[in-house]
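Asks: Below: sequence and its predicted model.
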Amino acid sequence: MSVPADEPGNPAHAIFERFLRAGECREVLGCFGELCQQLGLQGSGLQLYHGLKAALNYWSAKALWSKLDKKAGHKDYDQGTACASTKCLVVGAGPCGLRVAIELALLGARVVLLEKRDSFSRNNVLHLWPFTIHDLRALGAKKFYGRFCTGTLDHISIRQLQLILLKVALLLGVEVHINVQFKGLVPPAGKVGGQGGWRAVLQPSSSPLSHYEFDVLISAGGGKFVPEGFKRKETRGKLAIGITTNFINRHSRAEVEVAEISGVARIYNQKFFQNLYNKTGIDLENIVYYKDDTHYFVMTAKKQSLLKKGVILQDKADIESLLSPENVNRDALLSYAKEAANFSTNYRLPVLEFALNHRDLPDVDMFDFTCMTRSENAALVREHNGARLLLGLVGDCLVEPFWPLGTGVARGFLAAFDAAWMVRRWAAGTPPLEVLAERESIYQHLSQTSPDNTNKNISQYSINPATRYPNINLQAIKASQVRDLYLVGMVE
Ligand code: FAD
């Protein structure tokens, strides 16, 4: 006879506790599979969530269910029926893909999420706006990551954020598949009005998901990946070379006492940067230091000082060649980053030992922020043989963020909510051009959003844009202006 799941000593409790604590992507998925097997649960969607809730009825699990139930009870989700007959494919298990997948699951949609990699390896740390902290708390973040929101914390490492969101997504019935890459779309076969829906070309092509038919595709594939049909705009600013670096945090008393730098920009603190230059020859525009799982620094460095310090070997006109691996002395880059970190923390971090990246190398990188890209539009519709597909972008593939400003994940979450709202309107049968016009009206504001000009009442935030953006005009763009976003016919 099987042991009821609420009895002490029930093996499912131990698996669930392991799932909550799991610190690697594959481990999370492994524990979750084991848990479902142990409980004899199959399927996906909110039905799976209700099954887990009924089976894991002990105090620790109950605390999490009560958070998620509160969230799921919001009127926007219509008790998980708002998108009950919608089938979604989400590309990318970065923070934004996972966050939008959670919203779609709460709306009652079937959600399949693809990730081409099988690990979460980014130590780099993201700045959280107050609403994102509130949002993550409401999803039970502290249950998965005890250090979340302790002290003055307003940041989180990318990998920890992914782990939290992955666990929530799985509990809400999102079907997550790793080592699967989205390569393109397959239009429905057959005659107009016939059977069949949109499918995806996948790598590996043998993936059973190649047969999955969906009516919504949300792309959250990061800065480099945008599905065909979307046009990108480039904004070229003045030369901006970013350096990120992570050092091991041993959480010693001496480390705890060192103050973080939430953003020192040259214009606000000329003396600091002048002293840094005089003492070390390092010339920066800005620097940020966050104490998280690692000691994380992000800075924008001036080209001349990188040349003088031997980090960049030769001056070149085009930025790609300038920062190409052949033109960078990696040891000099490591010294540069370490010296800047040491100076800006008053040499108070006792041992600066580099944390390792996913290639087991010191976690130091140099990036070009001179040219930032954004998508011209946030969504479009494709129609083929009478079958419609709604496509939306969220996260870095919608708007690439400038990391030192730390706007990426907050704007990414706002766009994830906006995309979920769009899917809700789509599922409600709103005419496609109206859905697109409304989405573009909202998208116009994204790049200007800040904690100061979004609604202060963050506890009321939902996928409904009116709860987040004051005085938003959802009809600023008219249906007649977005006709070119409705594409009929074959995929090129
Ligand atoms: P991402 O986090 O980039 O996630 C995209 C996901 O999609 C990835 O997991 C990728 O493997 C997957 N993917 C891509 N294409 C496909 C495909 N075709 N099929 C299946 N899966 C696919 N921001 C900061 O503010 N500070 C930083 O220091 C910082 N460091 C970063 C370092 C790196 C190496 C990268 C890539 C990004 C960094 N960012 C940083 C940006 C930050 O990670 C994002 O703003 C934030 O994570 C939200 O991004 P996202 O979810 O849109 O995309």
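Replies: Nice, thanks for sending it over.
Asks: Next, the contact list for the residue of the stretch 51-200 of the chain found nearest the ligand, please.
Replies: For the stretch 51-200 of the chain, the residue closest to the ligand is Gly94, as judged by Cβ to the nearest ligand atom, at 2.0 Å. In short, each C-beta sits where N, CA and C put it, glycine included. Residues near Gly94 by Cβ atoms under 8 Å, 6 or more residues apart in numbering: 158, 162, 220-222, 395-396.
Asks: could the residues you listed be laid out in a markdown table, adding secondary structure?
Replies: Shown next, in a markdown table, are the contacts of Gly94 (DSSP: H, G, I helix; E, B strand; the rest coil):
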| residue | secondary structure |
| --- | --- |
| Ile158 | helix |
| Gln162 | helix |
| Ala220 | coil |
| Gly221 | coil |
| Gly222 | coil |
| Gly395 | helix |
| Asp396 | helix |
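Asks: Nearest to Gly406 among those residues?
Replies: Closest to Gly406 out of the contacts of Gly94 is Ile158 (12.0 Å), distances taken as Cβ to Cβ.
Asks: Could I get the pLDDT score of the closest one?
Replies: Ile158 carries a pLDDT value of 97.
Asks: Repeat that for Lys67.
Replies: 97.
Asks: name the element it belongs to?
Replies: If you go by DSSP states H and E, Lys67 is part of helix 59-72.
Asks: in that helix, what's buried?
Replies: Neighbour-count burial for helix 59-72, counted by 16 or more other Cβ atoms under 10 Å, picks out 61, 64-65, 67-68, 71-72.
Asks: a markdown table please, covering the contacts of Gly94 and showing neighbour count and distance to the ligand.
Replies: A markdown table is the format used below for these (neighbours: other Cβ atoms under 10 Å; distance: Cβ to the nearest ligand atom, whole Å):
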| residue | neighbour count | distance to the ligand |
| --- | --- | --- |
| Ile158 | 18 | 5 |
| Gln162 | 23 | 8 |
| Ala220 | 30 | 5 |
| Gly221 | 26 | 3 |
| Gly222 | 16 | 3 |
| Gly395 | 30 | 2 |
| Asp396 | 25 | 4 |
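Asks: Please produce a markdown table containing those, extended by distance to Thr454.
Replies: Shown next, in a markdown table, are the contacts of Gly94 (distance: Cβ to Cβ, whole Å):
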| residue | distance to Thr454 |
| --- | --- |
| Ile158 | 22 |
| Gln162 | 24 |
| Ala220 | 21 |
| Gly221 | 26 |
| Gly222 | 24 |
| Gly395 | 18 |
| Asp396 | 20 |
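Asks: which pair in the residues you listed spans the largest distance?
Replies: Ile158 and Gly221 (15.0 Å).
Asks: Spell out which residues of the stretch 151-300 of the chain are next to the ligand.
Replies: 158, 181-182, 220-222, 225, 244, 298 (Cβ under 6 Å from any ligand atom).
Asks: pLDDT of stretch 350-359, averaged?
Replies: For stretch 350-359, the mean pLDDT works out to 95.
Asks: what secondary structure does Val288 sit in?
Replies: Recorded secondary structure, Val288: strand (three-state DSSP).
Asks: quick revisit: phi, psi of the residue of the stretch 51-200 of the chain closest to the ligand?
Replies: Backbone torsions of Gly94, given as degrees, to the nearest 10, read phi -80, psi 180.
Asks: What's the mean pLDDT across stretch 237-254?
Replies: Per-residue pLDDT over stretch 237-254 has a mean of 95.
Asks: sorry, back to before: and which of the contacts of Gly94 is nearest to Gly80?
Replies: Ala220 (22.0 Å).
Asks: How much space separates the closest one from Val381?
Replies: 18 Å (Cβ to Cβ, to the nearest Å).
Asks: Could I get the pLDDT score of the closest residue to Ser462 other than its chain neighbours?
Replies: Spatial nearest neighbour of Ser462, chain neighbours left out: Asp76 (5.1 Å); criterion: Cβ to Cβ, 6 or more residues apart in numbering. Asp76 is assigned a predicted lDDT (pLDDT) of 98.
Asks: tally of neighbours for Asp76?
Replies: Residues lying near Asp76 (other Cβ atoms under 10 Å) number 16.
Asks: now the one 4 residues further on
Replies: Gly80: 21 surrounding residues under other Cβ under 10 Å.
Asks: what kind of secondary structure is Ile102 in?
Replies: helix.
Asks: Quick check, it in contact with Ala169.
Replies: Yes. Ile102 is within contact range of Ala169, at 5.3 Å (criterion: Cβ atoms under 8 Å).
Asks: hang on, the earlier thing: for the residue nearest to Ser462, list the residues it contacts.
Replies: Neighbours of Asp76 in contact, by Cβ under 8 Å, 6+ apart: 82, 107, 421, 424, 462-464.
Asks: which other residues reach the helix or strand of the chain with the lowest mean pLDDT?
Replies: Across the helices and strands of the chain, mean pLDDT, DSSP states H and E gives its lowest value to strand 261-265, namely a mean of 79. Strand 261-265 has contacts (Cβ under 8 Å, 6+ apart) with 154, 272-273, 285-290, 344-345, 404-406.
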